[in-house]
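# Model the structure of this input:
(2 chains)
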Amino acid sequence: MLAAVGAGSTEDFYADIPASLRLNRPLDLPAPLVAEQDLVRHVEGELNHNVSTKERLSFLGFGTYNHFVPAVVDEVINRSEFLTAYAGEPYEDHGRFQALFQYQSLMAELLNMEVVNVPTYDGFQATATALSMAGRITGRRGVVVCSDVLPDKVSRVDDFVRPNLDLTFVPTIDGTAHVEAIIALLGADTAAVWVETPSCTGAVETAIRQLADAAHAVGAILVVGTDPIGYGALTPPADQGADIVCGDIQALGLHQWFGGAHGGFIAVHDDPRFVMEMPSRLFGLASTDVAGEYGFGDVAYDRTSFALREEGKEWVGTAAALWGIAAGVYLALMGPQGMAELAETILARTTYAQARLGALAGVTLNDNALHLREFVIDLSATGVDSRTVVDRLRPLAIDPGVVVGEYELLVCVTEMTTQHDIDRLTDAIASATASSTTQEKSA
Amino acid sequence: MSLPIAPKPAQRRFHQARWDEPIIFELTNPGERGVLVSQVESGIRDAVGDVLADLPAGMRRASPPALPEMAQMRVLRHYLRLSQENLGADLNVDVGQGTCTMKYAPKVNDALIRTTKLVDLHPMQNEADVQGVLGLIWNLERMLAEISGMHSVSLHTSGGSTAIWTNISMIRAFHEANGEGDQRTEVVTTIFSHPSNAATAKAAGYKVITLYPDADGYPDVEALRAVIGPQTAAIMITNPEDTGIFNPGVTEWVSLAHSVGALASYDQANANGILGITRARDAGFDVCHFNIHKTFGTPHACGGPGSGANAVSEQLEPFLPGPVITKNGDHFALDSDRPNSIGKVAPFYGVIPNLVRAYSWIMALGGEGLRAVAETAVLNNNYLMKKILEIPGASAPYATGRRRIEQVRYSWEELFQETGITSEEIGVRASDFGMHYWTSHHPYIVPQPFTLEPTESYSMAELDEYAAVLAEVAREARETPEIVRTAPHNQTVHHIHHDDLDDPERWAITWRGYQRKYFGA
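Numbers count the residues shown, from 1 in each chain, chains lettered A, B, ... in the order given. Coordinates of the predicted model:
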């Protein structure tokens, strides 16, 4: 090949790189494991230092959730044709376009909205973009935050929107929005009213309609950040007046992956004022030269940074398409009945866990809100702080939740958590918070 | 006819799968279920009652979502058919998607990640339970620090563009920390740098200045000198640019930026040809990013998840996204106590499956192996360039007679002038031979552009095959242009009409939208 191109060595190809920039030594990297079996042994050895949630009883949530992933989901997304494809045209990659159009369509049914994007990176980005859209649509800067939001999400959103938007946080009351305080803040500079439901404590907002009406009365946009896991049985925010609904799809058919498998959705009504502000790709149906053929293409491509560089809306790039295909397969497998039953199961087990834990001596629930999947218990009356409880349950192979305050523990319950698991947790926390003399005796 | 079988014709007689699949909603069969759900135990029901009936007013969904009702096998079959109607990189000579480094993603790395030790790991587990993955990420960071020459690395971002965003976000925080946030309002980039450099800078609140190359296609240092000043926050450039041309004056660009107090940000999306050859920090850059899914061999996944790496100088280390992984002895920990950090750029710690794949990819190659990757990719590129330039009507504008690094932006302008056939039309026809082909990012500075990047993965015979397909399509453009204009002929679907995609009254972004607009449903 060198001879074919008239080169003496590969050095010829680097003639434009100044000698002063050349690295004249090998990169200092570990010695390679060139035999595949040696590589496997090494990487497996490293990963085997992990202890997975399957080896323990986990009540961990806080943004990444342990939901069941049907085998067919992994079967589809591990197909080489999907896994290794990238940016083909809607001819040689017809399947990708159809699978993602179907993802958009299936999510649209779950959310009761008409436009859903090809997934962006994660729910953090989806929310940052949704709020930015509201800012661009209204030409205003104000965002009123109505709910308790994951601190990490606030960090990401604020860093993203701060050139264009100002966030004002209104403390929640009893876990959910302080409606009167929020309404008092709304005005001519309000771009968006931002509701999170379930909130980062699992509280389900029941005043979305009131907040939507109040936002609309001042020309603002109601943005709802959510996890769609419950909408098989719970009223979706669109039915309560939401203009933009956004969030994460990890719960819909993606494993926990140490928090490394997230995808973001943004849903709007089919209103060009909103659609034209979306940065992501939108795959639409198109006719072809042959009757009865479904073709696909990019809707309103000239919104995007691919088309217009910095004049596009934010930017678009490699994000989370395969996770979108996974979520689509998941929703197709679950169907309407599956999603309804799933919501009921999670809601019932959450309620049961709240009742059991809340009945323990010295343990109280942080609020009286409706909760889905997560809730906070307050251990202060036991005199045992939450870190200590976590430590005491560790030898029992139980991770009882995420420490969110000195005496507060965020407990997560999914359809993977059985009554027996909840009972075990209850007994373990009862022991761990029993009087310190008892604890010393048992220790 | 009997044996022996005749030799194969010159061109592959490809035909893409054509299952003529309905949209999934049309496959519904009421009552069918794909997977059943764990039911509420009687003990829980006895304790909590009917939780749905007890929901507050207005909180219970009036009717279930109108998802399709399908048996499991039918869902599987539908999606497997769709997968067959998709041309993954594993199935074609995927050199046509320049700038994207469509190299082979080793299957062993896919197998390695599918352990319950990774799949079922939760990010809030006790650090003692996640030492394996933390250590692996920490080591990958150190390897990328060596590859870039930088001080520190973060692997939190889930794609290239969001990594570029993270670059500009750190730069913004740096200037703000120095009290120059209000003063520095501009970012300078070049037209042959990836569009996300311009787009993310704009999103971060900056005015974007885009420079054009000199007559020979090299970045023009005089153009840079004319625009930078105390108002400049950063230069954000790709090198080699999307033309495959390496900027020989790159140190002067960086020095000019530094001379006015601006930072230099390096988009290393095109790093595949320079691994172990030259490093970002050695040219003086303050910050750079890699696309893990391009250069480091993870699959592109239909457009993500990808993975991004942000590498920074010691000066910028305090601004990295948090938390960072620290190592004390043999113990790895997460440090969130970083007051200057830009904060979170994504949930938790990055796209873990891709980080493990990339770690494994580098561990299989080592330092000498990475250099061999670069040299092979560059040899492949220059070989392919020779083959392409032998096709009448194809050209490689700029840097005439010079070598390119890992890719080339070509032009069919001469062929277009002669036949009226566009680069897009050539790409569609090329798909009839089982080949993917891409034009370029917009705007089309190079007229009738196409961008080929062969990577290290393809053999001489495979490059010959790809070039032969383009030669055949160019021949058709001259001799039988109708075949090209009416393409595709061997695909899942035929020529697609774009008329309805830009009209809000007519676009159909979801099945329900389509039903409402066209069937009044």
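# rest of the way, CA atoms for contacts and neighbours
Will do.
# What helix or strand is B:Val473 located in?
helix B:460-479 (DSSP states H and E).
# contact partners of that helix?
For helix B:460-479, contacts defined as CA atoms under 8 Å, 6 or more residues apart in numbering or on different chains pick out A:1, B:11, B:93, B:95, B:380, B:384, B:387-388, B:391-393, B:415, B:418-419, B:421, B:426, B:429-430, B:433, B:435, B:454, B:483-484.
# before we move on, what about stretch A:416-429?
Against stretch A:416-429 from outside (CA under 8 Å, 6+ apart): A:57, A:66-68, A:349, A:353, A:356-357, A:360, A:389, A:393, A:398, A:400, B:38, B:41, B:43-44.
# need the longest helix for chain B.
helix B:352-389 (DSSP state H).
# That helix vs helix B:460-479, what angle?
60 degrees (axes from the mean of the first three to the mean of the last three CA atoms, to 10 degrees).
# what element comes up after the helix holding B:Val473 heading to the C-terminus?
Next along the chain after helix B:460-479, with elements defined by DSSP H and E, is helix B:481-485.
# That following helix: which residues count as buried?
B:481, B:484-485 (16 or more other CA atoms under 10 Å in any protein chain shown).
# repeat for stretch A:129-144
Applying 16+ other CA under 10 Å to stretch A:129-144 flags A:129-138, A:140-144 as buried.
# Which ones among those residues lie within helices?
A:129-138.
# CA atoms of the helix holding B:Val473 as CSV?
The C-alpha trace of helix B:460-479 is given here as CSV (Å, rounded to 0.1, in the frame of the first residue of the first chain):
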residue,chain,number,x,y,z
MET,B,460,-6.8,-3.0,1.0
ALA,B,461,-9.3,-5.2,-0.7
GLU,B,462,-12.2,-3.6,1.2
LEU,B,463,-11.0,-0.1,0.3
ASP,B,464,-10.7,-1.2,-3.3
GLU,B,465,-14.3,-2.4,-3.2
TYR,B,466,-15.6,0.9,-1.7
ALA,B,467,-13.7,2.9,-4.3
ALA,B,468,-15.0,0.6,-7.1
VAL,B,469,-18.6,1.3,-6.0
LEU,B,470,-18.1,5.0,-6.2
ALA,B,471,-16.4,4.6,-9.6
GLU,B,472,-19.3,2.6,-10.8
VAL,B,473,-21.8,5.2,-9.6
ALA,B,474,-19.8,7.9,-11.2
ARG,B,475,-19.9,5.9,-14.4
GLU,B,476,-23.6,5.5,-14.1
ALA,B,477,-24.0,9.3,-13.6
ARG,B,478,-22.5,9.8,-17.0
GLU,B,479,-23.9,6.9,-18.9
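# tell me how far that helix is from the chain's mean position?
The chain centroid and the centroid of helix B:460-479 are separated by 26 Å under CA atoms, centre = their mean, to the nearest Å.
# For chain B, which segments count as strands?
All strands of chain B, identified by DSSP state E, fall at B:152-154, B:186-190, B:207-211, B:232-238, B:263-267, B:287-291, B:308-312, B:324-328, B:331-335, B:408-411, B:449-452.
# which stretch among those strands comes nearest chain A?
strand B:207-211 (7.5 Å; CA to the nearest CA).
# and the closest one with chain A, contact?
Yes: against chain A, strand B:207-211 shows contacts by CA under 8 Å from any CA of the partner chain at B:Val208.
# packing partners for that strand?
If contacts are counted by 3 or more CA pairs under 8 Å, 6 or more residues apart in numbering or on different chains; DSSP states H and E, strand B:207-211 sits against strand B:186-190, helix B:195-203.
# hmm, try it at 10 Å
If you count contacts as 3 or more CA pairs under 10 Å, 6 or more residues apart in numbering or on different chains; DSSP states H and E, strand B:207-211 packs onto strand B:186-190, helix B:195-203, helix B:221-227, strand B:232-238.
# which residues touch the third one?
Spelled out, it's helix B:221-227. Applying CA atoms under 10 Å, 6 or more residues apart in numbering or on different chains, the contact partners of helix B:221-227 are B:186-190, B:209-214, B:235, B:247, B:249-250, B:252-253, B:256-257.
# Excluding chain neighbours, what is closest to the spatially most central residue of chain B?
Per CA atoms, centre = their mean, the C-alpha nearest to the average position across chain B is that of B:Cys100, at 5.7 Å. Among residues not flanking B:Cys100 along the chain, B:Lys294 sits closest, at 5.9 Å (CA to CA, 6 or more residues apart in numbering or on different chains).
# neighbours around the one you found, how many?
When neighbours are defined as other CA atoms under 10 Å in any protein chain shown, B:Lys294 has 27 of them.
# Tell me which stretches of the stretch 101-250 of chain A form helices.
Under the criterion DSSP state H, counting those that start in this stretch, the stretch 101-250 of chain A carries helices at the ranges A:123-138, A:151-161, A:179-185, A:208-217.
# tell me the mean pLDDT for the first one?
Think helix A:123-138. Across helix A:123-138, pLDDT averages out at 98.
# just the last one next, same as before
Along helix A:208-217, the predicted confidence averages to a pLDDT of 98.
# ditto for the third one
In this model, helix A:179-185 carries a mean pLDDT of 98.
# near chain B at all, that helix?
No: if you take CA under 10 Å from any CA of the partner chain as the test, helix A:179-185 misses chain B, and the best it gets is 16.7 Å.
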